[in-house]
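Peer 1: here's my sequence, what's the structure:
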Amino acid sequence: MTEVELVATALATGAATDRTGTSRGVVHDLHTALREAVRRRLAGDGDGVRGAYGVRVLDAYKTDPDVWRTRLLQVLAAGMEMDEEILGTARAVLRADRRAGHITVGLASSDAG
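Peer 2: The predicted structure follows:
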C-alpha cells in the first residue's frame, strides 16, 4: 500500500457512519485529526486554485468515498508531501478501527469521480 492509499483508506474508514460503542470516539477523534492535517497540507499548497480544489475533493470524499476516491488519490499524489503527522495519524485510525473489530474494505480503486 502506498502512502497515498494509506491516507485515503484511513480517511474512508474514519468517515464510515456505522461506528458504535466506546471505540467510536477514538476512531472519530483520530479521523478528525487526520482530516485537519490533510486539509492544512492541501490548503497550504502554495497554489491557491489547486489547494482549494484539493480541499473541495477532500470534503466530497467524506460524503461519498467510492465516487471521489480516484480524484482524492490524484490530489494527494500531486506533489503533496506526506509528513509523519499525516502518516502516523492515518496508521492510528486504521489500528483503532481494527481494535474495534471493524474490517477495513480493500483498496479496489474506482474509475468514477
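
Peer 1: ok, residues contacting the helix or strand of the chain with the lowest mean pLDDT?
Peer 2: Within the chain, confidence by mean pLDDT, DSSP states H and E is lowest for helix 48-63 among all helices and strands, at a mean of 83. Residues lying outside helix 48-63 but in contact with it, judged by C-beta atoms under 8 Å, 6 or more residues apart in numbering, are 8, 11-12, 15, 35, 38-39, 42-45, 67-69, 71-72, 75, 78, 80. The way it works is simple: take the backbone N, C-alpha and C, and place the C-beta from them, glycine included.

Peer 1: buried subset of those as a PyMOL selection?
Peer 2: Per 16 or more other C-beta atoms under 10 Å, the buried members of the contacts of helix 48-63 correspond to this PyMOL selection:
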select buried, resi 8+11+12+15+35+38+42+45+68+69+71+72+75+80
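
Peer 1: could you give me the buried positions within the least confident helix or strand of the chain?
Peer 2: If you call a residue buried by 16+ other C-beta under 10 Å, then helix 48-63 has these buried ones: 51, 53-55, 57-58, 61.

Peer 1: what is the lengthiest helix in the chain packed up against?
Peer 2: Taking residue count as the measure and DSSP state H as the definition, the longest helix of the chain comes out as helix 23-43. Counting contacts by 3 or more C-beta pairs under 8 Å, 6 or more residues apart in numbering; DSSP states H and E, helix 23-43 packs against helix 3-15, helix 48-63, helix 84-99.

Peer 1: name the residues that touch the shortest one?
Peer 2: Pointing back at helix 3-15 there. Applying C-beta under 8 Å, 6+ apart, the set of residues contacting helix 3-15 is 1, 27-28, 30-32, 34-35, 38, 58, 61-62, 65, 69, 72-73, 76-77, 82, 86-87, 89-91, 93-94, 97, 102, 104-105, 107.

Peer 1: equivalent analysis for stretch 75-84, please.
Peer 2: Taking C-beta under 8 Å, 6+ apart as the criterion, the residues outside stretch 75-84 that touch it are 3-4, 7-8, 38, 41-42, 45, 50, 53-54, 57-58.

Peer 1: what pLDDT, on average, does that stretch get?
Peer 2: In this model, stretch 75-84 has a mean pLDDT of 81.
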